[in-house]
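*Asks:* Requesting a structural model of the entry that follows:
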Amino acid sequence: MTSQFPQSRPRLTFLSSDRPEATEARRRLAAAYGDVPEEEADVVVALGGDGFMLEVLHLPLARRIPIYGMNRGSVGFLMNDFAADHLIDRIAAAERAEIHPLTMTALDASGHRSTAMAINEVSLLRQTRQTAKLRILIDGKVRLAELSCDGVIVATPAGSTAYNLSAHGPIIPLEARVLALTPISAFRPRRWRGALLPHAAQVCFQVLEADKRPVSAVADNFEVRDVVEVHVAEDRDVSMTMLFDAGRGLQERVLAEQFSV
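*Replies:* Numbers count the residues shown, from 1 in each chain. Below you'll find the model as predicted:
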């Protein structure tokens, strides 16, 4: 078997969530395969659930080395099945998935500007019992003058099976080079179901009646409250690599999800 790494046996660093089964798996695997510092590793092995995988993808790693996840949590869509045996062979034969995050720039009511990265999605959410009122601009042009809703999502292809799917948004093939724009419980216009946008689209949300109808903006797990304007765009300059067992790549998982019942 031809290795995709500089040496035949990739050097591994193990990270785990704080769940007992994850920390125990880390102890066992590190003893079996060795555990080098991140700056010396060829692959990060992440042990946990999807939430932990997102945490690892957000880490300011010294180098953007591939991440191979194994499920030691609850949801494991972004993870491989856990097995302690033949880990080196699985990693050497793994399929690579290159993903590009979203960049969110949010301006709040005090004039403070925050920037964050999102692997899955950027969500705007109402903060009170009253619906949010949003104006949506795409590439500087108003496409929806007023959307009354519980919120709205911009999702990447990798994140389209997460919150976006729960909000009845479309599942996007990984290589489709589009983003999903999906409303959450749209009240007006009631029949608007969202849109598919070119991956290079510049999305701007303007919060209407922000003092009366406060809105928060969330990039994966980073939240900014009381926003008045939010800009979202894909960052093609940042590329992250995830590794999946042969025949169970992310592209296959996204496709299979569309036929799950």
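
*Asks:* Check what pLDDT residue 2 gets.
*Replies:* Residue 2 is assigned a pLDDT of 46 by the prediction.

*Asks:* My guess is residue 124 contacts residue 230. True?
*Replies:* Yes. Residue 124 lies in contact with residue 230 (CB atoms under 8 Å); the separation is 6.2 Å. Bear in mind the C-beta positions are built from the backbone N, C-alpha and C, glycine included.

*Asks:* Overlap in contacts, those two.
*Replies:* Between them, residue 124 and residue 230 share these contacting residues under CB atoms under 8 Å, 6 or more residues apart in numbering: 205, 207, 217.

*Asks:* Identify the bridge partners of the first one.
*Replies:* Beta bridges link residue 205 to residue 136, residue 230, judged by DSSP bridges.

*Asks:* Identify the residues contacting the spatially most central residue of the chain.
*Replies:* In the chain, the C-alpha nearest the mean C-alpha coordinate belongs to residue 120, at 2.2 Å (CA atoms, centre = their mean). Contact partners of residue 120, counting by CB under 8 Å, 6+ apart, are 54, 155, 156, 158, 159, 162, 163, 164, 220.

*Asks:* need these in a markdown table with neighbour count, pLDDT and distance to residue 28, can you?
*Replies:* Listed next are the contacts of residue 120 as a markdown table, based on neighbours: other CB atoms under 10 Å; pLDDT from 0 to 100; distance: CB to CB, whole Å:
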| residue | neighbour count | pLDDT | distance to residue 28 |
| --- | --- | --- | --- |
| 54 | 19 | 91 | 24 |
| 155 | 28 | 97 | 35 |
| 156 | 24 | 96 | 33 |
| 158 | 25 | 90 | 29 |
| 159 | 27 | 92 | 31 |
| 162 | 22 | 91 | 29 |
| 163 | 19 | 94 | 33 |
| 164 | 27 | 95 | 35 |
| 220 | 24 | 94 | 29 |
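
*Asks:* Identify those among the residues you listed that sit within strands.
*Replies:* The strands, defined by DSSP state E, take in residue 155 from the contacts of residue 120.

*Asks:* Mind picking the two most distant members of the contacts of residue 120?
*Replies:* 54 and 164 (14.2 Å; CB to CB).

*Asks:* Going along the chain, name the strands of the stretch 151-261 of the chain.
*Replies:* Along the stretch 151-261 of the chain, counting by DSSP state E, counting those that start in this stretch, strands occupy 151-155, 178-184, 195-198, 203-208, 215-219, 222-224, 227-234, 240-244.

*Asks:* per-residue confidence averaged over the last one?
*Replies:* What that stands for is strand 240-244. 94.
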